[in-house]
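Chemist: any chance you can model this:
(one chain, ligands or ions: 2)
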Amino acid sequence: MKNLLSAAQMREADAYTIKQQAIPSIDLMERAAKAFVQVFMQEVTEKDTSIAIVCGPGNNGGDGLAIARLLAHEGYSNCEVFLASFSAKQSDDYLINLARLKEAKIAVTPLDEVARLRKSEATVIVDAILGSGLNKPLTGDFLALATLVSELNRKVIAVDVPTGFYAEGQLSHYNGVKAELAIAFQQPKLNFFFPESVQALARFKVVDIGLDQDFIASQSSRWKLTEPADVARLLVPRKNFSHKGTYGHALLIAGNETTMGAALLAARASLHTGAGLTTVCLPQSGLIALNTALPEVMALPRTVDLSIDVFDQFNAIAIGPGLGMETENERLLEQIIGLKRPLVIDADALNLLAKRQDILAELAPGSILTPHLKEFDRLFGPHENWWSRVATASEEAQQRKIVIVLKNQYTFVCLPDGEIHINPTGNPAMASGGMGDVLTGILTALLAQGYTVADAAVLGVYLHGATGDELAKKRAVVSASQLALQIPKTLQKILKEIK
Ligand SMILES: NC(=O)C1=CN([C@@H]2O[C@H](COP(=O)(O)OP(=O)(O)OC[C@H]3O[C@@H](n4cnc5c(N)ncnc54)[C@H](O)[C@@H]3O)[C@@H](O)[C@H]2O)[C@@H](O)CC1
Ligand SMILES: Nc1ncnc2c1ncn2[C@@H]1O[C@H](COP(=O)(O)OP(=O)(O)O)[C@@H](O)[C@H]1O
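Modeler: Ligands and ions are numbered 1, 2, ... in the order given. The predicted structure is shown next:
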């Protein structure tokens, strides 16, 4: 997994690399500019596109100047360079690149008045005004320029980050540049994974600028990004001479009169994630549907006189999808939590726990909660932004020694040891009902097969999103049923990569 560093740690990585590789900072800047240009050329393929490169006074602006020279070298013939120097002091590497640009006979236009940019007819704007050096809110000329860049409504491609964007911390009242794309150096910024970043960028790409990998890996950071190599390492192939007993028995306590589908979806996902056996504990009225739709799955009718001993036979238990909020379900949840076994808790079970904090306190360590935003806030109180929500999730996970899977486009898997694993897979085609039920089925099947709680959570969330990504290559909308059926293909793909 990739260790995601803060902006301050990234500056240390820069400094370390400069020393360790004996590479002057101006050469590192050149490397960064070249890496940017490689991606830029894929984005803007027409070399006569009119491009405005707006450069601030620091190293972000220095990158912009180097980018302008490299683009001219690549044959982009219609570039204008604007200098947003204002009153700030210019960095050394900025000045070197300014001299190089002049040597290359490329003209620059100082923006002594911000409004001069308005006359530009560029269809693409490269935002190299301020980058990760941002240390105070935008005001004055910088704010006016950032506002104008956004207002011009051109395709804005930001160098490293859009001007005004903080790499981490709360992004409440964003007043910076609105970019179509940010081409970030070395690693994605933490805030790219937070929903509030839509105010600043539509998408991002990351380019490697060769900072010291060992140094980055050695830094202490609670933030991790799950990578394909991690899931390939975690996933265990099925063994020779194995049988259904080898892969555990998953139980899903789910479904109600009008939400029986949730139970079927979770069961379908458990089946296709490879649990040896899957049983659904559902109301009597769901039996025909279950037997018809999923003949491989067994049923445990959910009657009021259900003996609690019956739960001993299962290797992993989930409760919640489509369960319903009735008193008898609340009682059942209390009994199940009373078993003092790790559980997967989703949907209505989370909503019931929001009302019953006394039972929540009894939850066994090693349990997994899978809330979306609303379920999370119902459980742990309202949050004004995602940064504080994730902070609470991590604190709760540590205090209760549980895993909290806080679901979103980028799901945050908060572990009891304080690590927060950001999941990069998944896409908006998956934003439809039942998707969370499928995730619960996946997680329960992985636990039944003997994966540790942390591994099951990281692997399961990745698998869920990766399956959605594969389906979304050919579909604008992906349904939960389709996703559940496709899981074995994703598993096979990951296993092939191991070989
Ligand atoms: N080795 C390195 O350090 C590398 C840095 N690179 C670039 O360097 C950038 C960071 O450069 P800098 O640290 O020079 O900083 P910036 O270029 O982001 O900002 C310039 C200066 O503006 C001032 N400033 C901050 N917030 C302001 C505000 N709201 N209003 C007015 N002035 C403000 C700060 O004093 C800052 O140092 C990265 O984003 C990246 O683009 C790349 O060249 C790759 C290598
Ligand atoms: N835009 C998106 N990008 C990535 N994943 C998404 C997106 N929208 C939804 N998902 C995933 O789908 C699931 C939805 O869960 P949830 O809201 O509980 O659905 P439901 O209650 O309908 O089953 C989560 O795992 C979430 O990460």
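Chemist: ok, and what's touching stretch 235-248?
Modeler: For stretch 235-248, the external contacting residues (Cβ atoms under 8 Å, 6 or more residues apart in numbering) are 274-277, 315-316, 445, 447-451, 459, 491, 494-495, 498. (Glycine included, C-beta is placed from N, CA and C.)
Chemist: let's see it at 10 Å
Modeler: 273-278, 314-316, 444-451, 455, 459, 462-463, 490-492, 494-495, 497-499 (Cβ atoms under 10 Å, 6 or more residues apart in numbering).
Chemist: give me the buried entries from these.
Modeler: Among these, the ones that count as buried by 16 or more other Cβ atoms under 10 Å are 273-278, 314-316, 444-449, 451, 455, 459, 462-463, 490-491, 494.
Chemist: which residue is the nearest non-sequential neighbour of the spatially most central residue of the chain?
Modeler: Among the residues of the chain, the one closest to the centroid is Tyr410, at 2.6 Å (Cα atoms, centre = their mean). Distance criterion Cβ to Cβ, 6 or more residues apart in numbering; nearest residue to Tyr410, sequence neighbours excluded, is Phe193 at 4.1 Å.
Chemist: return the residues in contact with the one you found.
Modeler: 4, 204, 223, 225, 386, 390, 408-412, 420, 422-424.
Chemist: out of those residues, list just those in strands.
Modeler: Counted as lying in strands by DSSP state E, out of the contacts of Phe193, are 204, 223, 225, 412, 420, 422.
Chemist: distance of Asp377 from Ala32?
Modeler: 40 Å (Cβ to Cβ, to the nearest Å).
Chemist: of those two, which one has the most company?
Modeler: In this view Asp377 and Ala32 are compared by other Cβ atoms under 10 Å, and Ala32 has more residues nearby, 27 against 15.
Chemist: which helix or strand contains the more buried one?
Modeler: Assigning secondary structure by DSSP states H and E places Ala32 in helix 25-43.
Chemist: ligand 2 contacts on the protein?
Modeler: With Cβ under 6 Å from any ligand atom as the criterion, the chain meets ligand 2 at residues 347, 372, 407-409, 411, 426-428, 430-431, 433-437, 439, 464-465.
Chemist: could you flag which of those are buried?
Modeler: Counted by 16+ other Cβ under 10 Å, the residues of the chain next to ligand 2 give 347, 372, 407-409, 411, 426, 430, 434-437, 439, 464-465 as buried.
Chemist: pick out the residue of the stretch 51-200 of the chain closest to ligand 2.
Modeler: Pro195 (9.5 Å; Cβ to the nearest ligand atom).
Chemist: and the helix or strand containing Leu265, how far from the chain's centre?
Modeler: Secondary structure from DSSP H and E places Leu265 in helix 260-273. Taking Cα atoms, centre = their mean, to the nearest Å, one finds helix 260-273 lying 24 Å from the centre of the chain it belongs to.
Chemist: next SSE after it?
Modeler: Per DSSP H and E, the first helix or strand lying C-terminal to helix 260-273 is strand 277-282.
Chemist: check which strands are paired with that following strand and give the direction for each one.
Modeler: strand 249-253 (parallel), strand 298-301 (parallel) (DSSP bridges).
Chemist: these: which one's closest to ligand 1?
Modeler: The nearest among those, by Cβ to the nearest ligand atom, is strand 249-253 at 47.2 Å.
Chemist: in the closest one, what's buried?
Modeler: Neighbour count says strand 249-253 has 249-253 buried, by 16+ other Cβ under 10 Å.
Chemist: residues near Asn423, how many?
Modeler: 25.
Chemist: look up phi and psi at it.
Modeler: phi -100, psi 120 (degrees, to the nearest 10).
Chemist: in contact with it, which residues?
Modeler: 193, 225-226, 405, 407-413, 457-458, 460-466.
Chemist: Ile422 too?
Modeler: 1-2, 4, 188, 190, 192-194, 223-226, 390, 408, 410-413, 461 are the contacts of Ile422 under Cβ under 10 Å, 6+ apart.
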